[in-house]
Structure formats: structure tokens, C-alpha cells
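Trainee: let's see this in three dimensions:
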Amino acid sequence: MKTEHILIIRFSAMGDVAMTVPVVQSLAKQYPELRITFLSRPFARPLFEGLAPNVGFMGADIKKEYHGVGGLNKLYKRIVAKNITAVADLHNVLRSGYLRLRFNLGRYRVEHIDKHRNERKKLVAQTNKRLVPLPTAFQNYADVFAKLGYPIKMDFTSIFPPQGGNLRLLPAEIGVKKAFQEWVGVAPFAAHKQKVYPPEMLEKVIKMIVRDHPSCRVFLFGKGPDEDPILNGIVERNPQCLNASAVLGGIAQELVLMSHLDVMISMDSANMHFASLVNTPVVSIWGATHPYAGFMGWGQKPQNAVQIDLACRPCSIFGNKPCLRGDLACLRTISPEMVYERVKRVLNKR
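Mentor: Sure, this is the predicted structure:
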């Protein structure tokens, strides 16, 4: 009898891929006889290595080696050689749609995600807005597997054991966490400026944390030519801060550190999802986007999402549209005190 082997397709941004992890791990755990291959861009490999014995990762550079129709045909042949029996398209874009077409012609079982586009349009409409929660991304992913005959009860907690990842694997600059210390993560950036809380206001939050918790350590996450000067400036002005991303060796090590944080402060970004994958509470700051779109981090509490009510919010699902008002009031009217109150609430439960 042929072993069931599901190919899961999800290219796109790291945050979207990270949101598949709780679902894929639950699937793998509840169907241990099922082989699972996750197809994504190479940067996502650390999220799936060691996730479960029956989960494998397949990296595909769709911008170079597998670019265009010719590249996708080459990729299709590579996938077929793995003897898959079913395809779960968790992306549903042109590239994955073309692969679906090839698999359908090959008479494979194929299902794809429902993105609820009509409901999304109503959520971001500026007239007759329908401000109601949409199905979460996790549920949308799980629905695909249910259609393939694998209903899932999602019971994911963390990619690490309860004690977290191994801090000994990290550079010496990270150090060892002392019992009396609070470790706080701060991830100031996101893919679009409409989702980024002003760094000078976020620095005020950091100062409030340090004022009330003088023995704490604050780890900053983010990297890039625009981000580095901002992070380094915060570190220079605040000795309790460390630019963690500058000393860590990529996502795998960042996940280990995040698993030992008492709280993460993040935008609606990939770092919110990374912290969620290691069972760390996140105080998330929302501007142009909204948790109702279904992209809140796994297991995160709605009361830890900092946002204000504006008639124009949310104005987009992904935060990639220019501000309609031109002043980013959705972010700038969130006071540092509002953010700190949520952080304090989490730390007080420590």
C-alpha cells in the first residue's frame, strides 16, 4: 500500500510561513504515519527542521532557479520524484496555482486555501465597513487538510520543550538569565511603515520598563541598512539594551533567545509570530492592520494587542497601502504609556 505523502506549498513572507507551523506540527503529531514535505523559500528551513519526525523541508528559490513557467515545470518534476500523493496549497497565488494545475492534470488530490477575499474587502472598506473577526489563518490552513481527509485538532504549544531552547548554543553576549531578571524583547519593525510604531515613542516604552525594572535586559530584534542605525542608537542611549540580531546567527538562534523572554513587544510582523511559536507572550502594536483579519500570533491574548479605534481602521489587510489620512494617526495616537501598561500587566504575572 502506497504511503500517504502530502506536499504543502507556502512561499511568501516569513510571518505567513511561520503561521503554518502550529498547523503542520498538529497534523504531523495526529497522523504519524503520514509523510509531509513542506515546500517554501530556503529561508524558512529553520522553522521545520526537527519539528516532527515525519516532516521534511524542501527549499525552492522561485526568484532564480525556479523562476517563470520553465522554472516551475522543473520544480514540478523535482516534486513528483518524491512520490507525493496529495497537495495542500496554503498560498493560492499565481505560482502555486500553476503547480496546482500541473498536479490536477496528473490526477493528484489537490486542495487550496480559501482566503475569504470578499470578507476581507468588507473589513477594510471605508464605507459600510464590516468590522467582524474573520477566520484565522490557522483555521484557513487547517481547513485545507480537512478537505484532503485529515481533520486536525490544533494542540500546538511550542517548537521547544517547556524549558525553552538551549541558551548554551548562543553567543556569550547573550549570557545566562538570572532568576531575578526580566528579559524583554523588542522588535520595532515590520514590512510596511503603516505597521511600524515610531521608534522614538517605542524608546520611551523601553525607558519606562528599565525605570521600573532596573535589573532587566532588553533584546532588540531587526536587521537591515535602515534598521541597524536605529537599533544601534537605542543601544547607545540605553545600556540595558543589546542588539540581539547583530550577535545572533539567524532565525534559529533568535528563536532560542525568544523562548526565554518574559515578554516580546512587536508590531504586526514576523517577530510576533516567531515569539508565538516559542510560547512567549507578545504585546503587539497594530496600526493600519487589525487582529480581526486573522493574523494574530498563535495563542496570543487579544487584550495584549494595543490599538485604537478609528473609522478608517483597518485600511488594509497587510498594511501595504498608503495612509488615507496622511498622518498615521492609528500609530501616533497610541501613547507609550498605553504600550507600557500592557507590558507591565504581563510582567506582573511572571
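Trainee: from here on, contacts and neighbour counts on C-alpha atoms
Mentor: Fine.
Trainee: in contact with Leu248, which residues?
Mentor: The neighbours of Leu248, taking C-alpha atoms under 8 Å, 6 or more residues apart in numbering as the test, are Leu170, Pro171, Glu254.
Trainee: do Glu173 as well
Mentor: Contacts for Glu173 (C-alpha under 8 Å, 6+ apart) come out as Val247.
Trainee: picking that back up, mind listing which of the contacts of Leu248 are in helices?
Mentor: With DSSP state H as the criterion, helices contain Glu254 from among the contacts of Leu248.
Trainee: dump the contacts of Leu248 to JSON lines, plus distance to Arg117, pLDDT and neighbour count.
Mentor: Shown next, in JSON lines, are these (distance: C-alpha to C-alpha, whole Å; pLDDT from 0 to 100; neighbours: other C-alpha atoms under 10 Å):
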{"residue": "Leu170", "distance to Arg117": "42", "pLDDT": "97", "neighbour count": "19"}
{"residue": "Pro171", "distance to Arg117": "44", "pLDDT": "97", "neighbour count": "13"}
{"residue": "Glu254", "distance to Arg117": "33", "pLDDT": "98", "neighbour count": "20"}
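Trainee: ok, so of the contacts of Leu248, who is nearest Arg35?
Mentor: Glu254 (28.2 Å; C-alpha to C-alpha).
Trainee: Leu169 versus the closest one, what's the distance?
Mentor: 11 Å (C-alpha to C-alpha, to the nearest Å).
Trainee: which residues touch stretch 40-48?
Mentor: For stretch 40-48, contacts defined as C-alpha under 8 Å, 6+ apart pick out 9-12, 14, 17-18, 21, 55-62, 251-252.
Trainee: list the contacts of Arg120.
Mentor: By C-alpha under 8 Å, 6+ apart, the contact set of Arg120 is Leu134, Ala293, Ile317.
Trainee: so the first one makes contact with Glu119?
Mentor: Yes. Leu134 sits in contact with Glu119 when judged by C-alpha atoms under 8 Å, with a separation of 7.3 Å.
Trainee: among the contacts of stretch 40-48, which are in helices?
Mentor: Using DSSP H, Met14, Val17, Ala18, Val21, Ile251, Ala252 are the members of these that sit in helices.
Trainee: with neighbour count, pLDDT and distance to Gly149 as extra columns, can I get the residues you listed in TSV?
Mentor: As requested, those are exported to TSV (neighbours: other C-alpha atoms under 10 Å; pLDDT from 0 to 100; distance: C-alpha to C-alpha, whole Å):
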residue	neighbour count	pLDDT	distance to Gly149
Met14	19	92	27
Val17	20	97	22
Ala18	22	97	23
Val21	21	98	19
Ile251	17	96	33
Ala252	16	96	32
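Trainee: cool, thanks, signing off.
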